[in-house]
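**Student:** Just to be clear, the model below is a prediction. Sequence and coordinates:
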Amino acid sequence: MSKPYVVGIDIGGTNTVFGIVDARGQVLASNSIKTRKHSNINDYINELHHELKKLMEATSTVDKIHGIGIGAPNGNFFTGMIEDGVNLPWPTPIPLAKLVSDKFGIPVAVTNDANAAAIGEMTYGVARGLKDFIMITLGTGVGSGIVINGQLVYGHDGFAGELGHVISKRNNGRLCGCGRTGCLETYCSATGVARTAREFLEIRHEPSLLRNIPVDEITSKDVYDAAIAGDPIAKEIFEYTGEILGEALADFTVFSAPEAFVLFGGLAKAGDLILKPVRNAMEKNMLSIWKGKVKILLSELKEADAAILGASALGWEAKYLDATPAASAPILPA
């Protein structure tokens, strides 16, 4: 009898979430650990193994796992490596698929975390039935998964779709963890919103609820709470962030003509605070042939489940991968 379960793991810059998934796409159980708790990758994998084993025992799935799929920053499906994890605490490159497979004794496949979220959204969420869309993940960083004609785009080396590192500010842009300046994620991620708040509070003098928080401790959630309470500076921060993101979406439309952008992650939960300026800026900057044609959708999946489910889809393919670069991208779930 074939093994009826897979494991999906999403490695984020702050948290790692993981779950056991059956063939119907149901998450039997899930949990999380702190990604940055361990400075040594082997200690991190040991904790991941310990916690996942507990889930397997609790769900009676020990020895029933077909494969493990992992979504990770700059995870490369072709090589199984994290080759430049700018938001991770470990030196790269990391042979992640091999390390995890050796630890669990189970086949492992790796892809970019945003690509995994795109697969999950297309299979189980708001992108069902869409053949051309771009997933934008707004978390610690900004990630993306590009789907064209129903196929996830990997490019010749596995790294296609790093839209968070498109330059949004050419002059005097913010330093990014990738080493360049002005990247989209330095403005439109959760950390980017916090950076904007600090900058606004430094150069502005009017009262703000945000001034009640030590400036180095301000988070995007603090900005959201202040905006909901009517704070003018907090509202302006969202306007500023949404305008930059909307301009970027207009530019992204040019190269793949997506039917929709799907926004996912903590920042997307701000609702109209972020959506209204994004839509306005996108339409204002859109090439005329696409005006009014491209939708902006919010993910329908729970924040953890989208990436878990997407990564888990790779688990069904992991058995057939070997240590050499793959000749083609994975088959997407039907």
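**Tutor:** Received the coordinates, thanks.
**Student:** which stretches of the stretch 201-334 of the chain form helices?
**Tutor:** Secondary structure of the stretch 201-334 of the chain, counting by DSSP state H, counting those that start in this stretch: helices at 220-228, 232-256, 272-285, 303-318.
**Student:** Could I get those helices in CSV, plus columns for mean neighbour count, distance to Ile134 and mean pLDDT?
**Tutor:** (Each C-beta comes from the backbone N, C-alpha and C, glycine too.) Putting these into CSV (neighbours: other C-beta atoms under 10 Å; distance: least, C-beta to C-beta, whole Å; pLDDT from 0 to 100) gives the following:
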stretch, mean neighbour count, distance to Ile134, mean pLDDT
helix 220-228, 20, 22, 97
helix 232-256, 20, 6, 97
helix 272-285, 18, 12, 97
helix 303-318, 27, 15, 81
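**Student:** Among these, which comes closest to Thr79?
**Tutor:** Closest of the helices of the stretch 201-334 of the chain to Thr79 is helix 303-318, at 13.9 Å (criterion: C-beta to C-beta).
**Student:** Show me what the closest one is packed up against.
**Tutor:** The contact analysis (3 or more C-beta pairs under 8 Å, 6 or more residues apart in numbering; DSSP states H and E) places helix 303-318 against strand 5-11, strand 15-22, strand 27-34, strand 65-72, strand 108-112, helix 113-124.
**Student:** what's the spacing between it and its chain's center?
**Tutor:** 12 Å (C-alpha atoms, centre = their mean, to the nearest Å).
**Student:** how about the CA coordinates for the lowest-mean-pLDDT helix or strand in the chain, as CSV?
**Tutor:** Using mean pLDDT, DSSP states H and E, the weakest-scoring helix or strand in the chain turns out to be helix 303-318, at a mean of 81. C-alpha atoms of helix 303-318 as CSV (Å, rounded to 0.1, in the frame of the first residue of the first chain):
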residue,chain,number,x,y,z
GLU,A,303,-1.7,32.2,6.6
ALA,A,304,0.1,29.0,7.6
ASP,A,305,-1.9,26.6,5.5
ALA,A,306,-1.2,28.1,2.1
ALA,A,307,2.5,27.6,2.3
ILE,A,308,2.2,24.2,4.0
LEU,A,309,-0.2,22.9,1.4
GLY,A,310,1.9,24.2,-1.5
ALA,A,311,5.1,22.7,0.0
SER,A,312,3.3,19.5,0.7
ALA,A,313,2.4,19.2,-3.0
LEU,A,314,6.1,18.8,-3.7
GLY,A,315,6.2,16.0,-1.2
TRP,A,316,4.4,13.8,-3.6
GLU,A,317,7.1,14.5,-6.2
ALA,A,318,10.1,14.2,-3.8
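**Student:** got the angle between that helix and strand 65-72?
**Tutor:** 120 degrees (axes from the mean of the first three to the mean of the last three C-alpha atoms, to 10 degrees).
**Student:** tell me the angle of helix 303-318 relative to strand 15-22?
**Tutor:** Compare the direction of helix 303-318 with that of strand 15-22 by the same axes, to 10 degrees and you get 60 degrees.
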